[in-house]
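In: can't give you the sequence, but here's the structure:
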């Protein structure tokens with residue numbers, strides 16, 4: 001049986017990975033066969049990539065038999081998304097909680113999301129906040145951003161604009177695209193006790209645009225078009241509207257059609273047609 005498993009493993013390796021990666025995976029298989037639960041999860045992840053889902057589930061079950069947090073997390077993902085098993089939000093919740101109890105950062109965040117949205121359980125905003133705080137303390141930027149929303153809107157807590165801004169900025173400084181965009185909008189509009197500043201807003205929009213946050217791209221274009229925080233520059237406006245449009249932003253497509261109207265009717269019509277197809 002072990003010989004057959006190794007033979008299948010070798011075939012899948014040869015089909016799906018480069019030689020340098022193959023050697024590392026062979027080592028992981030040997031460790032997994034000798035009871036290393038972390039290696040079991042690595043083998044399971046490879047089987048997922050190779051679309052051998054039965055093998056993936058076999059190794060994940062072996063991993064959770066060893067109480068492995070990553071094993072619980074990956075199995076939760078399978079039940080949440082219906083990967084190789086029938087989708088079950090309740091089982092996903094259970095396995096996320098098992099991983100979260102072992103301080104698995106992403107499991108904490110996903111469990112918090114489920115409590116916040118009432119997935120597999122009743123909505124429990126206070127439990128959601130508690131798990132988001134734990135996830136944020138483990139550097140999960142998505143949790144930081146969500147805490148910003150919760151403190152800003154008073155979800156599961158009292159409204160606290162100072163804490164909202166702090167968490168949004170933590171998410172932004174952690175590289176979260178939505179956090180970067182939100183800080184930009186806070187300065188753009190003068191929200192959460194911050195002084196309104198188009199110049200400050202543009203700094204954050206640029207950082208978000210660098211990781212293709214589409215609303216930030218649109219806003220940079222809008223600022224160049226309307227001389228907000230920068231000198232008016234039609235070409236820069238078109239450049240950034242085009243970047244957003246290529247990410248299928250309809251508002252940017254319509255803006256391009258508007259800007260080209262009377263200058264290049266054919267180009268204007270091209271962008272109107274593109275907007276209609278979205």
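Out: Nice, thanks for sending it over. What you see is a predicted model, and the numbers here were worked out from it, not measured in a lab. Numbering: from 1, shown residues only.

In: what helices or strands is the helix or strand where residue 208 lies leaning on?
Out: For residue 208, the host element (DSSP states H and E) is helix 198-209. If contacts are counted by 3 or more CB pairs under 8 Å, 6 or more residues apart in numbering; DSSP states H and E, helix 198-209 sits against helix 177-189, helix 214-226. C-beta: built from backbone N, CA, C; applies to glycine.

In: Buried by neighbour count: which residues of that helix qualify?
Out: 198, 200, 201, 202, 204, 205, 207, 208, 209 (16 or more other CB atoms under 10 Å).

In: before we move on, back to that, which of the helices and strands packed on helix 198-209 sits closest to residue 105?
Out: helix 177-189 (16.5 Å; CB to CB).

In: packing partners for the closest one?
Out: Going by 3+ CB pairs under 8 Å, 6+ apart, helix 177-189 lies up against helix 141-153, helix 161-173, helix 198-209, helix 214-226.

In: Run the angle between it and helix 161-173 for me.
Out: Here the directions of helix 177-189 and helix 161-173 differ by 130 degrees (axes from the mean of the first three to the mean of the last three CA atoms, to 10 degrees).

In: any idea how far the helix holding residue 208 is from the chain center?
Out: 20 Å (CA atoms, centre = their mean, to the nearest Å).

In: what about that helix, average pLDDT?
Out: Regarding helix 198-209, the rounded mean pLDDT is 98.

In: any idea which of the buried residues of helix 198-209 is closest to residue 142?
Out: Looking across these and measuring by CB to CB, the closest to residue 142 is residue 208, at 14.9 Å.

In: The closest one contacts residue 218, correct?
Out: No - using CB atoms under 8 Å, residue 208 is not in contact with residue 218, being 10.7 Å away.

In: picking that back up, got the angle for the helix holding residue 208 vs helix 214-226?
Out: Going by the same axes, to 10 degrees, helix 198-209 makes 140 degrees with helix 214-226.

In: Identify the residues contacting helix 198-209?
Out: Outside helix 198-209, the residues that touch it by CB atoms under 8 Å, 6 or more residues apart in numbering are 172, 177, 180-181, 183-185, 187-188, 215-217, 219-220, 223, 228-230, 240, 243.

In: which regions of the stretch 1-150 of the chain sit below the pLDDT cut-off?
Out: 1-4 (pLDDT under 70).

In: need the strands for it, in chain order.
Out: Along the stretch 1-150 of the chain, no segments are classed as strands by DSSP state E, counting those that start in this stretch.

In: ok so, going back, compare the helices and strands packed on helix 198-209 and give me the one nearest residue 22.
Out: helix 177-189 (34.0 Å).

In: Let me know the angle separating the closest one from helix 141-153.
Out: 40 degrees.

In: Contacts made by helix 177-189 with the rest, please.
Out: By CB under 8 Å, 6+ apart, helix 177-189 touches 141, 144-145, 148, 165, 168-173, 191-192, 194-198, 200-205, 207-208, 211-213, 215-216, 219.

In: Give me the buried subset of the contacts of helix 198-209.
Out: Of the contacts of helix 198-209, these count as buried by 16+ other CB under 10 Å: 172, 177, 180-181, 183-185, 187-188, 215-217, 219-220, 223, 228-229, 240, 243.

In: list the contacts for residue 195?
Out: Taking CB under 8 Å, 6+ apart as the test, what residue 195 contacts is residue 187.

In: Quick check: it vs residue 187, distance?
Out: 8 Å (CB to CB, to the nearest Å).

In: average pLDDT across stretch 232-245?
Out: pLDDT averaged over stretch 232-245 gives 98.

In: and that stretch, how far from the chain's centre?
Out: Averaged C-alpha coordinates place stretch 232-245 at 26 Å from its chain's average position (CA atoms, centre = their mean).

In: Spatially, which residue comes closest to residue 14, not counting chain neighbours?
Out: Among residues not flanking residue 14 along the chain, residue 22 sits closest, at 7.4 Å (CB to CB, 6 or more residues apart in numbering).

In: Do I have it right that that neighbour meets residue 12?
Out: No - assessed by CB under 8 Å, residue 22 is found out of contact with residue 12, at 9.9 Å.

In: just to revisit the earlier point, how about JSON lines for the helices and strands packed on helix 177-189, with distance to residue 17 added?
Out: As requested, those are exported to JSON lines (distance: least, CB to CB, whole Å):
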{"stretch": "helix 141-153", "distance to residue 17": "29"}
{"stretch": "helix 161-173", "distance to residue 17": "34"}
{"stretch": "helix 198-209", "distance to residue 17": "34"}
{"stretch": "helix 214-226", "distance to residue 17": "33"}
